[in-house]
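Q: after the sequence you'll find the predicted model.
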Protein chains: 4
Amino acid sequence: MNKVRVAIFGASGYAGEELLRILLRHPNAEIVAITSRKNAGEPVETVFPRFTGSGLKFVAPDTAEIAKKCDAAILALPHGLATEFAIPLLEAGVKVFDISADFRLKSEAKYKEYYKADHPAPELLKTAVYGLPERYREQLKTADLVACAGCYPTSSILPSAPLLAAGLVSPKNVIVSSCSGVTGAGRKVDLPYIYPECNESLRAYGVVGHRHLPEIEQEMAFAAGVPEMAINFIPHLAPMNRGINSTLIMDAMPGCTLEKITEVYEKAYGQEQFVRVLPAKRTADTKYVFMTNCCEIGYNFDAHTNKVIVTSCIDNLTKGAAGQAVQCMNIRFGLDEAAGLL
Amino acid sequence: MNKVRVAIFGASGYAGEELLRILLRHPNAEIVAITSRKNAGEPVETVFPRFTGSGLKFVAPDTAEIAKKCDAAILALPHGLATEFAIPLLEAGVKVFDISADFRLKSEAKYKEYYKADHPAPELLKTAVYGLPERYREQLKTADLVACAGCYPTSSILPSAPLLAAGLVSPKNVIVSSCSGVTGAGRKVDLPYIYPECNESLRAYGVVGHRHLPEIEQEMAFAAGVPEMAINFIPHLAPMNRGINSTLIMDAMPGCTLEKITEVYEKAYGQEQFVRVLPAKRTADTKYVFMTNCCEIGYNFDAHTNKVIVTSCIDNLTKGAAGQAVQCMNIRFGLDEAAGLL
Amino acid sequence: MNKVRVAIFGASGYAGEELLRILLRHPNAEIVAITSRKNAGEPVETVFPRFTGSGLKFVAPDTAEIAKKCDAAILALPHGLATEFAIPLLEAGVKVFDISADFRLKSEAKYKEYYKADHPAPELLKTAVYGLPERYREQLKTADLVACAGCYPTSSILPSAPLLAAGLVSPKNVIVSSCSGVTGAGRKVDLPYIYPECNESLRAYGVVGHRHLPEIEQEMAFAAGVPEMAINFIPHLAPMNRGINSTLIMDAMPGCTLEKITEVYEKAYGQEQFVRVLPAKRTADTKYVFMTNCCEIGYNFDAHTNKVIVTSCIDNLTKGAAGQAVQCMNIRFGLDEAAGLL
Amino acid sequence: MNKVRVAIFGASGYAGEELLRILLRHPNAEIVAITSRKNAGEPVETVFPRFTGSGLKFVAPDTAEIAKKCDAAILALPHGLATEFAIPLLEAGVKVFDISADFRLKSEAKYKEYYKADHPAPELLKTAVYGLPERYREQLKTADLVACAGCYPTSSILPSAPLLAAGLVSPKNVIVSSCSGVTGAGRKVDLPYIYPECNESLRAYGVVGHRHLPEIEQEMAFAAGVPEMAINFIPHLAPMNRGINSTLIMDAMPGCTLEKITEVYEKAYGQEQFVRVLPAKRTADTKYVFMTNCCEIGYNFDAHTNKVIVTSCIDNLTKGAAGQAVQCMNIRFGLDEAAGLL
């Protein structure tokens, strides 16, 4: 079988680096272009010495040219830029996997509320498939445009969706408190992200109205089968490179027990390669998903407050970005879903 | 005025080290004994080179002997050992400041429930004053036995108590999600605490029934003026040495606004030297309380879920342990409350 | 072709974990046994949750039993234990790859000097091949017992050997100053290795007579073609999980220039997959070899002191331990040398 | 006695923050002005929340105005800016303590060689006193302009000078290999300093011709009593906030023994409050000087190479910058040398 020819747009950030790491050893894919406006013309090792010998060189993002030679494009661009790349690529028949948040919301109104602008291509919001394979595997098989699930959303939706769908927890009063490593902010050169500002620092940010909030609410509501949900999502920055730890506190519904939770997770994820549900009462640890595409889930039941407490860890650059995109791409092109990801 | 003569019991751990750091430069206190069973006979610099030149030497914890020459004893011992030291010291007229959790609960029953044993001296539970100066300053002035507030409890109670007392938030459904640096586990030599197990790791533990839970519930209930509260307290271990970040999510009561919260905090803490309430909508950062006795508080109101969200940071070894003990001691002996702590 | 059947002795440490990570995705090898006295009977995920689903279980190190079903044994045991395992395995025809230092020295006398004991099987010192493929590839092809090069030695010998062999630097007065991440100490539960003792700490240790010293001197002397060398090797512990950075300061010989160094390295390593020589005047960074089997080398010439300064980075668990062992095994069994290592 | 009135120029960087921390609790000094072009007009807590309540506000660096109301000015400015501030301040009779490297070299030629520009006020190079109290205490008592010793130089000169002066080590062939925490680079917002680029990274830089080199050589040569020295100084960036660890490897002179080294250090530093010489054969640790003004020194003798190996640790922001400046100021104004520094 021919290899899937992949172009990476925005390859000089951390998600780009992770895509390179994964795709360079992918048995059924080959990288045909990597773009970076700033580094165009330079060999990849100028930015990432670890890829010396790959022969790759950054090029300017000439979409028309690149579209001619690739089957798939993975967009690892800052927020708001995806549309201008996606449209010509889609027109040229290229399958597009967007790592940004640009196509994740189904509601134009919500997009406008959270991004303070009209969406530049609202019709794409309708056709885009949400790139979370454990929830949308079937739809992904024929998707043209995939809006890969974000890092915080992945770590929030995977542990909550089956419980909401099974009616074991209430769609009201859901709390998600998350901690992310600093690569979650991208390869951003800004005072809050220099080493001495992050080391020995743990701080919340965006505690009200974070941009990942509507995406989490949308997917939780779909799972719960309710028109809308309003939750609290509170992200924190933690002094580590990689990893997201999300702690979910949810109201147990009548009849909810640890045993039922075990059953529901077993049914939802027992066959999944990239979700690891721990035995009851244990907690997830970012260390054990470091540089893997796995989501680790631990769960517990607190009888004294009647709450279900779930912890969930992913590597924000792998399952939270590059790994997820490749997993979606594998599904779309009929490859082994785990190709390049083990 | 004569200096307060202080003995430190259990001086070879991290809280002990912090006590030494504070008391060696305290203008109105002098260290007359430091105990360590393991290091008895050795100069302090064997364990902590930074105190070379202090002339201090560890001694065995001979309570009777030490009681003769000190006015105050600070106990920095592992859980469960305080009673046997406190009783003879109190009988000898020494004021006792216990950093452990041994005397913090008012209820014998709760003690038994969480510590799986009868309390060895339940009458002391009644007379002990809870060592949180911002809440119990008056009582501390005449206390014989002070049960210094714990690290997680301090970071949870200080931000919530005024809001509960003012009826701005509900005593029901309170959530506290905390992250602590590794010194919070003490100077414990155990696999989960070695560097490679903690670095790049963020994990919850004790998510149901942590031992600090009843202490937090007790003090929140006192503040709220209700007989009992049941909350969720979820601690996490984060890859840093010092610092606790607690995020509290509480149901707003009718009429609660950001302005009212500002007012309540201003009234509660406007004159406090060791509580820093940030302007509305900001968040606390462990970095800014590192090696200080300060509790930093940030607050916000989420209209879409009707929740009050408060973040609170302390240094677990200072305001969460040694600094708090010294602050309590300063109050008890009529010294400047901030002596040695700036 | 049949897969090489591999047994890992001492699989519950960090080198063991890295061996599992590598061998579980190795296309031409399969793990047939993993031993751990302490964890015998437990599934591998009890110790390392990331390997859930592998189906592996720790067994007691019953050498005779295990020898029957494996082609290769990799020993990841603490110092001093390898001989008792190696002898019966070799007798049973199993190829043995020892990660410890037990068989690295050619001289019995040096062994005794540094390890304070007679070597239990001095004849094996003679037959063991030093497991550094870039230096001993031919001998490895037929070796029965491979003494895999240590972490500090690998990072010291690879950058110096070609320069010594070419006479560009003097065998006298060589200085190696190295910094290692904490996994270099193994998964050791001891006070100096707990997180708060390592974080914000950088300290030298073993500055005179470190056990890796005679191994480095032996291999440098072989490269230089002199009977003996005496160098300074000064290791430091740095607050990171993985990585060794070695800085070598060597006296330039007459006629040494940057251009000649470039040539010599090009000749030595131009075809090597796991050595990356940077352009002149750059420096190596542990970050760029993290979780790879690569040794990165940077070099410079200081005319004002007539010194050649070389920096060299490896991942101590990969090229410094598990990766190197697998690379040696691949060579010994005629596999692609990079199998499992990219 | 009146308090010394101090102005801090460039108070919004890390050295500025450390100066604020020290001077706000200094018993004999008061801060009368803190300058920052960028933050002029803002209260100090905008930049550093920990100083809330100090009442300090950043002002523009109006030298003439500020000179009227201060006795001492501490310059914590980037390289190359000190002269324009120092001249008017000195003319107004203010004592100037410069933390930058601008006045540290005695030789105009060396300045030009390393800084690629003529010095703007070469006469000041002659009158400036090198701000290393343990070496120049007498001269500091009457100095108008103090060129505070740099961080790397302090950690290199203090351990080597007494040995060079006593003839125990050779002035030839001195090697200094140092590791610094990231605050050593200042509060600089640049890609190499963001958290994910520094964490799990250890890398050398400036291995040939670093700007601190001529300063170290100058002071070592003064100590050795030779006209010139040429040494190797190799700095590394390590993943920590604070701390410098310097390892010195020096050729022992005939007759050098550990006992003689002990004697020489005892004589040089036995009475010094801010130098801690460890017992022979131990090594210094950055952890034990963290946030102190102390230089910790460990020494050893390697008979097999005839080298003296010394390790030396300081906190780069305290003894390496702000603490040193305050120590110099204390001496200049006849205060207790340790005021504010314990």
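A: Received it, and whenever you're ready, just let me know what you need.

Q: who are the contact partners of the residue nearest to residue A:122 when sequence neighbours are not counted?
A: Leaving aside its sequence neighbours, residue A:122 sits nearest to residue A:108 (Cβ to Cβ, 6 or more residues apart in numbering or on different chains; 4.9 Å). (Each C-beta comes from the backbone N, C-alpha and C, glycine too.) Neighbouring residues of residue A:108 by Cβ atoms under 8 Å, 6 or more residues apart in numbering or on different chains: A:118, A:119, A:122, A:125.

Q: which parts of chain A sit against chain C?
A: A:24-25, A:48-50, A:52-53, A:273, A:276, A:278, A:285, A:288-289, A:291-292, A:294, A:296, A:342 (Cβ under 8 Å from any Cβ of the partner chain).

Q: which among those end up buried?
A: Neighbour counting with 16 or more other Cβ atoms under 10 Å in any protein chain shown marks A:24, A:48-50, A:52, A:273, A:276, A:278, A:285, A:288-289, A:291-292, A:294, A:296 as buried within the residues of chain A next to chain C.

Q: ok, the residue located most distally from the centre of chain A - contacts?
A: Distance to the chain centre peaks in chain A at residue A:304, reaching 34.0 Å (criterion: Cα atoms, centre = their mean). For residue A:304, the contacting residues are B:208, B:209, B:230, by Cβ under 8 Å, 6+ apart.

Q: follow-up on the earlier one: identify the farthest-apart pair in the buried ones among the residues of chain A next to chain C.
A: Pairwise distances across those peak at 38.7 Å for A:52 and A:278 (criterion: Cβ to Cβ).

Q: before we move on, the earlier item: now do the same for the residue farthest from the centre of chain A: helix, strand or coil?
A: Secondary structure, DSSP: H, G, I helix; E, B strand; the rest coil: residue A:304 is coil.

Q: now residue A:80
A: coil.

Q: ok, now which ones touch it?
A: A:100, A:102, A:115, A:117.

Q: just those residues now: which is nearest residue C:256?
A: Checking the contacts of residue A:80 one by one against residue C:256 (Cβ to Cβ), the nearest turns out to be residue A:100, at 51.6 Å.

Q: quick check on the residue farthest from the centre of chain A: phi, psi?
A: Backbone torsions for residue A:304, taken as degrees, to the nearest 10, come to phi -70, psi -20.

Q: how much space between it and residue B:228?
A: Here residue A:304 is placed at a distance of 11 Å from residue B:228 (Cβ to Cβ, to the nearest Å).

Q: hey, C-alpha coordinates of whichever strand or helix holds residue A:248 in CSV?
A: Per DSSP states H and E, residue A:248 falls inside strand A:244-251. Output of strand A:244-251 as CSV, limited to C-alpha atoms (Å, rounded to 0.1, in the frame of the first residue of the first chain):
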residue,chain,number,x,y,z
ILE,A,244,-2.5,17.3,32.0
ASN,A,245,-4.1,16.1,35.1
SER,A,246,-7.9,16.7,35.3
THR,A,247,-9.9,16.1,38.4
LEU,A,248,-13.6,15.8,37.9
ILE,A,249,-16.1,16.1,40.7
MET,A,250,-19.6,15.1,39.7
ASP,A,251,-22.9,14.6,41.6
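
Q: check whether that strand comes near chain D.
A: No - Strand A:244-251 does not reach chain D (Cβ under 8 Å from any Cβ); its nearest approach is 14.3 Å.
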